[in-house]
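# turn this into a structure:
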Amino acid sequence: MAGQQLEGVLTQGQRDTLEIVEFIFHIIDPDAPGKVIKLDEVQLQEKQKSFFLDRLRDIAEGTQYLFDPDAPNLQEQSQRLVEDRDGFVDLSYQMTQEFARLHGGNMSAGVFIVSVVKYLAKAHDWQQLVFLVKMDQQESFTYNYEDIQGRKVAVVDEIPNALNENKKAVQKSALIDTSNQFAWDVLAFDRVKKPVLGDYYQAFLGVIERQQDSVLTRSTDQAVRKWAKDIPQDQLPPGEDLNTYRGRALNYLRDHDTFDTDTFLDTVVRDENPERKVALVRSLRDALEEAGIAGQTFRPRPDSLPKAQRKHIYETSEGITISYEGTPEQVGMLIENLDGGRSRVTIETHNLIPKG
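Numbers count the residues shown, from 1 in each chain. Purely as a prediction, here's the structure:
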């Protein structure tokens, strides 16, 4: 099975099939005994289900982690959440208590969501995942709870459409694969410490990073290189080629402290034709997903690329080789496409130094 595991995160198609199987949250109240108020049920209307599914789709990404076999972790509890429907509420409460206990210090009021969801991995093959989400209390996110025959039941109030735009309420999240479909065990996100995890949150999950930042940086460069090489010549925007795409990709990796898939795609793919740009962005995202990069957050390490790989090279039919780092604009080079497949290359420099 190991050779068949998927390197990437959930594809957009898989996210679109997400359905809630089990859902509960417990209230985190720093002033309450034990800091947690246990709920027995959360009643969600269809609109609220759609809202939470949208939030789950938003956070179905993050840095890839493996459960640390040498430390307490959530692997067994997550498996029980999926398999033991009768014990779901009690186990979710225990996990929330442990989260609050490890947090220590000042903790914002909010809710800790525990959910089991299913998604269509491939045709006729439904798989399940566990979602954990800490949402801070927001004015637009309101609920009340009441005792009904000895059970605390929460009713989520009407959620305004504006809340669908608000991702800042999500402070921490984890997506846990209990089915061995993926090469990772956990996708985790920590808004405060991103792209890494805070010490207590990492201890709560019991995970270690699956890949180092330098490995992901090199994989990103390789994915862009392969993707750009495979674009048919007649589908390239004017003035674009392998080196222009790679130049912008490397600049992004050099200029950003945290890799974000959407901003990376927008930086690399430039095109005045909106339809062609959408198609190219989609195909590059597919390439990043196949390489296990899309959806991950990591600290780019451009220096981990060998110097030779950071260079872009053109060779003319007359035997002239042009080698540079960065983008053509940064090195004062202008490439003009002429009739008959010819090109004019203009280089403006402060000093031309002969090498012999």
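
# neighbouring contacts of stretch 27-43?
Residues outside stretch 27-43 that contact it (C-beta atoms under 8 Å, 6 or more residues apart in numbering): 23-26, 89, 93, 96-97, 100-101, 103, 106-112, 134, 143, 145, 151-156. The way it works is simple: take the backbone N, C-alpha and C, and place the C-beta from them, glycine included.

# just the buried ones from those residues?
23-26, 89, 93, 96-97, 100, 103, 110-112, 134, 143, 145, 152, 154, 156 (16 or more other C-beta atoms under 10 Å).

# those in strands, which ones?
Among those, DSSP state E puts 23-26, 110-112, 134, 143, 145, 152, 154, 156 in strands.

# widest-spaced pair of those?
134 and 152 (19.5 Å; C-beta to C-beta).

# put the alpha carbons of stretch 105-117 into PDB.
Extracted in PDB, the C-alpha atoms of stretch 105-117 (Å, rounded to 0.1, in the frame of the first residue of the first chain):
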ATOM      1  CA  GLY A 105      -1.500  30.700  29.900                       C
ATOM      2  CA  ASN A 106      -4.000  33.000  28.300                       C
ATOM      3  CA  MET A 107      -6.500  31.200  26.000                       C
ATOM      4  CA  SER A 108      -9.100  32.900  23.900                       C
ATOM      5  CA  ALA A 109     -12.700  31.900  24.300                       C
ATOM      6  CA  GLY A 110     -14.200  30.000  21.400                       C
ATOM      7  CA  VAL A 111     -15.200  26.500  20.400                       C
ATOM      8  CA  PHE A 112     -13.200  23.300  19.600                       C
ATOM      9  CA  ILE A 113     -14.800  21.500  16.700                       C
ATOM     10  CA  VAL A 114     -14.400  17.700  16.300                       C
ATOM     11  CA  SER A 115     -15.900  16.300  13.100                       C
ATOM     12  CA  VAL A 116     -15.700  13.100  11.100                       C
ATOM     13  CA  VAL A 117     -16.300  13.700   7.400                       C
END
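
# any low-confidence regions in the protein?
1-5, 138-144, 155-168, 355-356 (pLDDT under 70).

# quick one, helices of it?
Using DSSP state H, the helices of the chain run over 12-16, 46-58, 75-83, 88-103, 199-205, 213-229, 242-255, 261-268, 274-290.

# how about those in a markdown table, adding distance to residue 121?
Compiled in a markdown table, the helices of the chain are given as follows (distance: least, C-beta to C-beta, whole Å):
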| stretch | distance to residue 121 |
| --- | --- |
| helix 12-16 | 7 |
| helix 46-58 | 16 |
| helix 75-83 | 14 |
| helix 88-103 | 22 |
| helix 199-205 | 23 |
| helix 213-229 | 23 |
| helix 242-255 | 30 |
| helix 261-268 | 21 |
| helix 274-290 | 14 |
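
# of the ones you listed, which is nearest residue 323?
Once these are compared by C-beta to C-beta, helix 242-255 is nearest, at 10.3 Å.

# next, the angle from the closest one to helix 261-268.
130 degrees (axes from the mean of the first three to the mean of the last three C-alpha atoms, to 10 degrees).

# mind listing what's buried along helix 242-255?
242-253.

# could you single out the nearest of these to residue 177?
residue 253 (27.5 Å).

# for that closest one, give me its contacts.
Contacts of residue 253 (C-beta under 8 Å, 6+ apart): 217, 220-221, 259, 300-302.

# which of those has the most neighbours?
residue 220 (26 neighbours; other C-beta atoms under 10 Å).

# without its sequence neighbours, what residue ends up closest to that one?
residue 293 (5.4 Å; C-beta to C-beta, 6 or more residues apart in numbering).

# number of residues surrounding residue 176?
Neighbours of residue 176 using other C-beta under 10 Å come to 27.

# ugh, wrong one, I meant residue 87
Quick note: residue 87 (other C-beta under 10 Å) scores 12 neighbours.

# check the one 4 residues further on too.
For residue 91, the neighbour count with other C-beta under 10 Å is 17.

# how far away is it from residue 346?
Noted for residue 91: a distance of 67 Å to residue 346, by C-beta to C-beta, to the nearest Å.

# residues contacting the closest residue in space to residue 314 that isn't next to it in sequence?
Of all residues beyond its chain neighbours, the one nearest residue 314 is residue 322 (4.4 Å), with distances taken as C-beta to C-beta, 6+ apart. Counting by C-beta under 8 Å, 6+ apart, residue 322 makes contact with 313-316, 333, 345, 347.

# then residue 209?
Counted by C-beta under 8 Å, 6+ apart, residue 209 has contacts 63-66.

# if you set the cut-off to 6 Å instead, what comes out?
residue 65 (C-beta atoms under 6 Å, 6 or more residues apart in numbering).

# isn't residue 137 right up against residue 107?
No - if you go by C-beta atoms under 6 Å, residue 137 and residue 107 don't touch, sitting 11.3 Å apart.

# which non-adjacent residue is nearest residue 247?
Per C-beta to C-beta, 6+ apart, closest to residue 247 is residue 327, 4.1 Å.

# and for the one you found, the neighbour number?
There are 16 residues near residue 327, going by other C-beta under 10 Å.

# and if you look at residue 294?
Residue 294 - counted by other C-beta under 10 Å - has 24 other residues nearby.
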